[in-house]
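Sequence first, then the predicted structure, then my questions.
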Amino acid sequence: METEVKLEINNDKGLFYIEIDNKIEAKMTFVFAGSDKIIIDHTEVNKAYNGKGLGKKMVQKAVEFAREKKLKIIPLCPFAKRVFDKTPEFKDVL
């Protein structure tokens, strides 16, 4: 199962998503907060893929994006917040 996380940015909003068989099965939305922060506000995974790590994969991609662009992340989404709480190596982008 190919689970590459893709990124789409439209003005001040963004979307990390995973397509499986040409259908978006997981997505995580964010908004830019000024020039140096993004706010992750929602994560959603199709029930058929619950527990397969797709949500965490998207958070990891967001962390890579933040590091690359020198951004900080505010995880308002409860799922993303839990991933950050359980993953100390992501703390540098908080």
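Looks like it came in fine.

The host helix or strand of residue 24: what's the following helix or strand?
Secondary-structure assignment from DSSP states H and E places residue 24 in strand 23-32. Following strand 23-32 in sequence order, the next helix or strand is strand 37-45 (DSSP H and E).

That next one - contacts with which helices or strands?
Applying 3 or more CB pairs under 8 Å, 6 or more residues apart in numbering; DSSP states H and E, one finds that strand 37-45 makes contact with strand 23-32, helix 54-69, strand 72-75, helix 78-86. For every residue, glycine as well, the C-beta is placed using N, CA and C.

and the residue of the chain most remote from its centre, how far is that from residue 28?
Going by CA atoms, centre = their mean, the residue of the chain most distant from its centre is residue 21, 20.3 Å out. Computed as CB to CB, to the nearest Å, the residue 21 to residue 28 distance reads 19 Å.
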